[in-house]
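S.K.: predicted model and sequence follow; I will ask about them next.
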Amino acid sequence: MEKPQHKHDCSSCVFLGRHEDKDLYVHVDNDEPLMTTVISRWSSDGDDYSSGLKFASDGDLRVAAERAREKGLITEEVWSYYEEKQWKRFTNN
Ligand SMILES: [Zn+2]
């Protein structure tokens, strides 16, 4: 089992494994499912991460989103919301 290589201090995040040099997480918001997000962290410094399902059209965050979806941590409702509302604009050009 892969372990995170960098410090990440959110206890709500679920580790999704590594991708290249990044630690990938999903942060599930049970109260506001559409606030669920994915995170890609590349160092232990607090700000050294990117996040946001709306940016998950490709790259690390896309990998994180797909892994989270496979594990059922991103629901179909959330997935389709972002596919329709957000990811579309990245794929239409
Ligand atoms: Zn978190």
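M.R.: Here it is on my side, so go on. Numbers count the residues shown, from 1 in each chain.

S.K.: which residues of this protein score low on pLDDT?
M.R.: Within the chain, the segments meeting pLDDT under 70 span 1, 85-93.

S.K.: wait, doesn't K7 sit right on W42?
M.R.: No: in this structure, K7 is not within contact of W42 by C-beta atoms under 8 Å, at 11.8 Å. In short, each C-beta sits where N, CA and C put it, glycine included.

S.K.: those two - which one has more neighbours?
M.R.: Shown here are K7 and W42; by other C-beta atoms under 10 Å, W42 has more neighbours (15 against 11).

S.K.: tell me where this structure has strands.
M.R.: Assigned by DSSP state E, the strands in the chain fall at 13-19, 22-27, 37-41, 49-51.

S.K.: for G59, which of those strands is the nearest?
M.R.: Among the strands of the chain, the nearest to G59 by C-beta to C-beta is strand 37-41 (7.9 Å).

S.K.: which elements pack onto that closest one?
M.R.: Taking 3 or more C-beta pairs under 8 Å, 6 or more residues apart in numbering; DSSP states H and E as contact, the helices and strands that strand 37-41 lies on are strand 13-19, strand 22-27, strand 49-51, helix 59-70.

S.K.: how about residues contacting the second one?
M.R.: Same thing as strand 22-27. Defining contact as C-beta atoms under 8 Å, 6 or more residues apart in numbering, one finds that strand 22-27 is touched by 4-6, 8, 10, 12-18, 36-42, 51, 60, 63-65, 67-68, 71, 73-74.
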